[in-house]
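How does the following fold in three dimensions:
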Amino acid sequence: MTGKTLVIAEKPSVAQDIVRALTPVAGKFDKHDEYFENDTYVVTSAVGHLVEIQAPEEFDVKRGKWSFAHLPVIPPFFDLKPVDKTKSRLNAVVKLAKRKDVTALVNACDAGREGELIFRLIEQFAFGSDEAAGKKAATARKPVRRLWLQSMTPQAIRDGFDQLRTDKQMEGLASAARSRSEADWLVGINGTRAMTAFNSRDGGFFLTTVGRVQTPTLAVVVEREEQIRKFVSRDYWEVHATFVAEAGEYPGKWFDPKWKKNPDDAELRADRVWSQREAEAIADAVRGKSASVTEESKPTTQASPLLFDLTSLQREANGRFGYSAKTTLALAQSLYERHKALTYPRTDSRALPEDYLATVKDTMGMLASSGMGHLAPYAKEALDKGYVKPTKRVFDNSKVSDHFAIIPTLQAASGLSDAEQKLYDLVVRRFLSVFFPSAEYLVTTRISQVAGHSFRTDGKVLVRPGWLAIWGKEADQEGDENSKTLVPVKDGEMVRADTVEARGLKTRPPARYSEATLLGAMEGAGKLVEDDELREAMQEKGLGTPATRAATIEGLITEKYMLREGRELIPTAKAFQLMTLLRGLGVEELTKPELTGEWEYKLAQMEHGRLSRDAFMREIAEMTKHIVKKAKEYDRDTVPGDYATLKTPCPNCGGIVKENYRRYTCAGRSGSGDDACGFSFTKLPAGRAFELDEVEQFLRDKKIGPLEGFRSKAGWPFTAEIALKYSDEDKNWKLEFDFGDEADPAETGELVDFSGQESLGPCPKCASRVFEFGKNYLCEKSVPTAAQPTPSCDFKTGQIILQQPVDRDQMRKLLATGKTDLLDKFVSMRTRRPFKAFLAWDAEAGKVNFAFEPRESKFPARKGAPGRPAREPAAKYAAKTAGKTAAKAPSAKKAPAAKKAAPAKSARKAGPGLTPSPELAAVIGAEPVARTEVIKKLWDYIKANGLQDTANKRAINADAKLHKVFGKPQVTMFELAGIVGKHLQG
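You can find the predicted model right below:
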């Protein structure tokens, strides 16, 4: 009996696809818990990374890792450790790999650097490695071959198995994958520890993360923001005229025909005048005068953009639909893996192999006969008119790396979500466009000369749309508002400058980065390159790879180095401080995108066998030592940087407050520091950097918050207010955390005066008014007042619950409707993990509780399994408790024990169904129906008729039928179940 081959895929879904594809040629597979097996193959999968690298025990730093004492950490080799969440899966895969009847392995992980690494680390974990010097040599490895897929259709998978690559062919990619992983570990671990140690030298714990790709990407965004902040707008004028000819009017703009570009001042343009007086003098000189006309018309063409690689697809989807790079990658991966409708998405190539012509024609045929009525005719036209030709612009082996451009597969797409459909359409349109003829324009440039001044007018008419027809563009018709057709002027005709005006304008700062423009800048190693061909030439030296750029951007947002506001990416104060530190220390390696682009280029060279792994890792080790040495040896009091002067004066002496690297400090009324009063406060209270507008507000109001993102000395996050309080001992103001330690008036008997305050709504317990008091929202009858000295109600809930600020609007909503919106910043005291929940009034318990989003289980419940309670008490986590516990950061053991859960109610027995009332039957039909099905049918009706309110998605507008069910024109989704219950009879 011959041995079996173990196939290891990256995800369970891919393993299932491989089994389905192999069954017709290799025989039926038996399904086991974590693998499939037949006479030839055993097919299993990882779940992403199952193993990660770590420093070996003898080289690892445990105690004092956040100090300079043990840095740099550069182990001679790396050990492996299982990823905690997936240990059981790793054990199962390793057990299969070591089976005696398994004699060969196939790496079927995603066809790229990361997929190679996932497999190689699993294999190393199973069989050991000779790389660990002095360790026991690896046990006998089993032969390895590589499945390299461009598409996930069954035929493509079978073809892939017919053309498995050898282990030798994959050595370059494997070396690059390991080197990338180890380089990121070395720079990330050492850089982060060194910068954290530097920032924490004066006490406290200021986690300062850096990364090989992450930090230069951040530098690009910070540099743009610095340009915006330093930008000084300048006034300029344009002179616009309307010329009257026999055939009608046309506009013109003044320009200087002798103007030449100034490399030192990009704001100088041929059509800008820099003084109002001069602009008005031009307008006065030409107004009402005759002008001679010369013009030139010439045809121009515009070719379709190239096929998509991942980065250009992410940029286009961000610009058109506002999708983040992460979202686009997830959608493209789903279209590749789940729907088999697109080819492999993690590609940096925009061309196809030269032998792919027949496949493209077959794909066109599939699209021509597909149900996509808006695009099928163009696919048919491409075939009928012979547009698909072997052009170098599309078919070029020299421009195809490990993967080719993203195009549709031969499998027609079906069952797509709205977002998937949009992205699929985008790829199909680009695929069709690249084979269609160029768009043809007639461009006319008209120069009108009057009184020694020149005015320019441009006309552009689309003559033949070519590929633009696929995007809904048609040839310009006369009178088309989008067409810049110029009224005709006869040869030798003199026209008159009728109305002429000087328009005052201002220069504008450069735009902030969006994800689309940042992806482009990462691709060009910090240079924003719009030209497709030039960008393609530069992309080999880009920041990161197409597959990792989305994760880099998301990582910067998670680490609070950037904020996403609409489509803009805005660096935070934390980002500016990091850049100030790295520049001040002279650690250019981590701030220059071009330098890191060089590392990425070298990794690509290694993939192709042109650079040794040892040489690259030596360079990375030297870089790491340099970063640590610079930080360790820096002994100045402050780091040089471009620091702010605040507008708000010192609260102690009225002097000027200035920023330095660590603090905001009084520089006295003179600003020199000679007459300073000693007032200062840290820029990083509990590890959270102040934004500039927050500092101004803090100084002005002497308090701010609640703010998120603080960390205790033990590293736990917490939310709190901070205040400036006067210290009689120091005769100065000091920054203090305010956790709301006011004495409870219900215990002290001190009267509370709510006059002048606005009530937030009625108390859910006694219907009296609810007010904001201290760090809580409470009923006016829960504290002593002049009207009622003895409290009679106990309603109270915190403004901060498990680190989630509950603002006044959410409290109003809870009091009005019984429930807040879904809030997403709660942090469990037990697990320290964030979670989402509603806050809801629980009348039965008499308190505010958590309510969770309903989730349908993928699996039926086990018989006799107790139901999970839908709500958990929230009131006990009010502001006072949350603030104190977070600040002190107790261990999970000290967390208050949960009350014993009430026994679950027995499930309602399924019956023959309930009869809808005549009003409800008009909407969902008259046949008896289960209660759970009623809501589903109702939602189908609401969505089909577009009755969800566009402004408030939680509201449903009633049409004529639903008005009879609801009894009113609008209800919230939370009311549905109660209303429906009244329309069902057993």
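
Please identify the buried residues of stretch 646-661?
Residues L646, C650, P651, N652, C653, G655, I656, V657, K658, E659, N660, Y661 are the ones in stretch 646-661 that count as buried (16 or more other Cβ atoms under 10 Å). Heads up, the C-betas are built off the backbone N, CA and C, glycines and all.

Make CSV out of those and add pLDDT.
Rendered in CSV, the data for the buried residues of stretch 646-661 read as follows (pLDDT from 0 to 100):
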residue, pLDDT
L646, 91
C650, 93
P651, 91
N652, 89
C653, 90
G655, 92
I656, 93
V657, 93
K658, 92
E659, 88
N660, 87
Y661, 83
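
now the residues you listed in TSV, with distance to F679 and secondary structure?
Shown next, in TSV, are those (distance: Cβ to Cβ, whole Å; DSSP: H, G, I helix; E, B strand; the rest coil):
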residue	distance to F679	secondary structure
L646	12	coil
C650	5	coil
P651	7	coil
N652	4	coil
C653	7	coil
G655	8	coil
I656	11	coil
V657	8	strand
K658	11	strand
E659	14	strand
N660	14	coil
Y661	18	coil
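
quick one: which of those is nearest T103?
Y661 (61.8 Å; Cβ to Cβ).

That closest one reaches V639, doesn't it?
Yes: Y661 lies in contact with V639 (Cβ atoms under 8 Å); the separation is 4.1 Å.

between these two, what contacts are shared?
T580, L581, G584 (Cβ atoms under 8 Å, 6 or more residues apart in numbering).

Send me stretch 765-772 as CSV with only the CA atoms.
Only the C-alpha atoms of stretch 765-772 are listed here, as CSV (Å, rounded to 0.1, in the frame of the first residue of the first chain):
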residue,chain,number,x,y,z
LYS,A,765,-39.2,54.0,38.9
CYS,A,766,-41.4,56.9,40.1
ALA,A,767,-41.8,59.2,37.1
SER,A,768,-40.1,62.1,38.8
ARG,A,769,-37.4,64.1,37.0
VAL,A,770,-33.9,62.7,36.4
PHE,A,771,-30.9,65.0,36.6
GLU,A,772,-27.1,64.8,36.1
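
Which residues does it contact?
If you take Cβ under 8 Å, 6+ apart as the criterion, stretch 765-772 is touched by 754, 757, 759-763, 777-781, 792-795, 799, 808, 811, 815, 846.

Now that we have those, which of them are buried?
754, 760-761, 763, 777-781, 793, 795, 799, 811, 815.

Can you flag which of those residues belong to helices?
Among the buried ones among the contacts of stretch 765-772, the members found in helices (DSSP state H) are M811, L815.

Out of the buried ones among the contacts of stretch 765-772, name the two that are farthest from one another.
K781 and Q799 (19.5 Å).

quick one on the thing from earlier: Serialize the buried ones among the contacts of stretch 765-772 to CSV and add fields for pLDDT and distance to G172.
Putting the buried ones among the contacts of stretch 765-772 into CSV (pLDDT from 0 to 100; distance: Cβ to Cβ, whole Å) gives the following:
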residue, pLDDT, distance to G172
F754, 85, 74
L760, 90, 65
G761, 91, 66
C763, 92, 70
Y777, 90, 63
L778, 90, 67
C779, 91, 71
E780, 89, 74
K781, 88, 76
C793, 89, 73
F795, 90, 68
Q799, 85, 58
M811, 91, 60
L815, 91, 65
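
I935: which of the buried ones among the contacts of stretch 765-772 is nearest?
L815 (26.3 Å).

Show me the strands in the stretch 551-700 of the chain, by range?
For the stretch 551-700 of the chain, the strands defined by DSSP state E, counting those that start in this stretch cover 562-565, 568-571, 657-659, 663-666, 680-682.

so which of those strands gets nearest A281?
Across the strands of the stretch 551-700 of the chain, A281 has its closest neighbour in strand 568-571 (40.2 Å, Cβ to Cβ).

Outside of that closest one itself, list whatever touches it.
If you take Cβ under 8 Å, 6+ apart as the criterion, strand 568-571 is touched by 218, 221-222, 225, 512-515, 518, 553, 561-564.

Sheet-wise, list the partners of that strand with their directions.
Strand 568-571 has these partner strands in its sheet, going by DSSP bridges: strand 562-565 (antiparallel).

CA-only coordinates of the helix or strand harbouring L962 in PDB, if you can.
Element membership for L962, per DSSP states H and E: helix 960-966. Taking Å, rounded to 0.1, in the frame of the first residue of the first chain, the C-alpha atoms of helix 960-966 are listed here in PDB:
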ATOM      1  CA  ALA A 960     -51.600  51.500   4.600                       C
ATOM      2  CA  LYS A 961     -51.400  47.800   5.600                       C
ATOM      3  CA  LEU A 962     -49.000  48.200   8.400                       C
ATOM      4  CA  HIS A 963     -50.800  51.200   9.800                       C
ATOM      5  CA  LYS A 964     -53.700  48.900  10.600                       C
ATOM      6  CA  VAL A 965     -51.300  46.600  12.500                       C
ATOM      7  CA  PHE A 966     -49.300  49.200  14.300                       C
END
